[in-house]
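S.K.: how does the following fold in three dimensions:
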Amino acid sequence: MLKALADAIDEQVTQNYHLNARIEGQPQDGWLLVDFGEVIVHIFSPDRRNYYRLEELWQHGKVLLHLQ
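M.R.: Alright, predicted model coming up:
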């Protein structure tokens with residue numbers, strides 16, 4: 001599922017903004033990083049998301065976009 005999400009993001013951003021991504025990480029590790037240069041997308045499995053609890057870390061930051 002994580003690889004499919006990363007590939008879909010890469011495809012859409014490439015089509016719409018002509019940016020190429022570098023995908024790092026392994027799906028079985030529960031975390032992929034999609035690097036477009038100035039924009040980086042982190043994709044977590046539910047258990048990795050719960051482990052890192054990034055929402056707590058960034059709770060005072062401004063949310064620009066939230067996808068689930």
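
S.K.: now do the SS call for the residue of the chain positioned farthest from its centre.
M.R.: Most distant residue from the mean C-alpha position of the chain: H60, 20.0 Å away (C-alpha atoms, centre = their mean). Here H60 is recorded as coil under DSSP: H, G, I helix; E, B strand; the rest coil.

S.K.: pLDDT wise, what is it at?
M.R.: pLDDT, H60: 85.

S.K.: which pLDDT value does the model give the residue most central in space within the chain?
M.R.: Central residue of the chain (C-alpha atoms, centre = their mean): H42, 2.5 Å from the mean position. With respect to pLDDT, H42 has a value of 93.

S.K.: tell me the contacts of it?
M.R.: Applying C-beta atoms under 8 Å, 6 or more residues apart in numbering to H42 gives the contacts W31, L32, L33, V34, L54. Bear in mind the C-beta positions are built from the backbone N, C-alpha and C, glycine included.

S.K.: export the residues you listed to TSV and tack on pLDDT, neighbour count and distance to L5?
M.R.: Putting the contacts of H42 into TSV (pLDDT from 0 to 100; neighbours: other C-beta atoms under 10 Å; distance: C-beta to C-beta, whole Å) gives the following:
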residue	pLDDT	neighbour count	distance to L5
W31	95	17	12
L32	96	22	8
L33	96	14	12
V34	97	21	9
L54	82	13	17
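
S.K.: farthest pair within the residues you listed?
M.R.: With distances taken as C-beta to C-beta, the most widely separated pair in the contacts of H42 is V34 and L54, at 15.9 Å.
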